[in-house]
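Chemist: give me the fold of what follows.
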Amino acid sequence: MVSSKREKSLAGRKVALVIAPFFEDDEGSKPKEYLEKQGAQVLYVGFARTSYRGKHGRVKAKVDRTFDEVAASDFDAVIIPGGLAPNYLRRERAPLDFIRDFVNQNKVVAAICHGPQLLVSAGVLNGRKITAHESVHDEIIEAGAAYVDEPVVVDGNLITSRKRSDIPHFNQAIYSALLNKNTD
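Modeler: Residues are numbered from 1 along each chain as shown. This next block holds a predicted model:
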């Protein structure tokens, strides 16, 4: 939950939010809004400089940078929203390589709802403890991860949540992880 004390700024922190068609509206917008209020810069990263609508049509996200224009080393964290977007993202090499690089560089990797599908396809879940939407439970276990049904799970640099209603917990976990990176 969000602390009632004045929170420390994330100024200077840069976050990639990977986006593709039919992302879950709130999962693709609420973490961005929250982290920007905390001082972080959040950029939408996608296949092409275009706009994508969320699966419910409430949110439109304009891609700031393409996968060809960025590297994990440009950012402090990456966020993977759910919806149908992870299924589009996992079909191409660039998003998979992008995510693997974040994991290999021990940077913050946050995925919510169906977002962990991208982690499954990137092959980075073996031996990890995560949560996700219940419909991808079997995929996660087959990828070698321990699945738990909790609002947010933090396993090292990996932060995962189950669904839209978990966004406040998800946001706070990302904030805390980025804040701790400030003291590294």
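Chemist: centroid-nearest residue for this structure?
Modeler: residue 79 (1.9 Å; Cα atoms, centre = their mean).
Chemist: burial count for the closest residue to residue 111 other than its chain neighbours?
Modeler: Distance criterion Cβ to Cβ, 6 or more residues apart in numbering; nearest residue to residue 111, sequence neighbours excluded, is residue 80 at 4.1 Å. All C-beta spots, glycine's among them, are computed from the backbone N, C-alpha and C. Using other Cβ atoms under 10 Å, residue 80 has 32 neighbouring residues.
Chemist: returning to that earlier point: the residue nearest to the centre of the chain falls within a helix, correct?
Modeler: No. Residue 79 is assigned strand when assessed by DSSP: H, G, I helix; E, B strand; the rest coil, not a helix.
Chemist: that one and residue 129, how far apart?
Modeler: Remark: distance between residue 79 and residue 129 (Cβ to Cβ, to the nearest Å) = 19 Å.
Chemist: ditto for residue 166
Modeler: 16 Å.
Chemist: more neighbours, the two?
Modeler: Neighbours per residue (other Cβ under 10 Å) separate residue 166 from residue 129, with residue 166 holding more: 19 against 16.
Chemist: kindly list the longest helix within this protein.
Modeler: In terms of residue count, the longest helix belonging to the chain (DSSP state H) is helix 167-182.
Chemist: what residues does that one touch?
Modeler: Contact with helix 167-182 is made by 1-2, 7-8, 10, 12-13, 15, 26-27, 30-31, 34-35, 38, 40, 76-77, 79, 108, 110, 112, 151-152, 154, 157, 159, 161, as judged by Cβ atoms under 8 Å, 6 or more residues apart in numbering.
Chemist: ok, stretch 146-157 next?
Modeler: Against stretch 146-157 from outside (Cβ under 8 Å, 6+ apart): 102-103, 106-109, 128-132, 134, 137, 140-141, 159-162, 166, 169-170, 172-173, 177.
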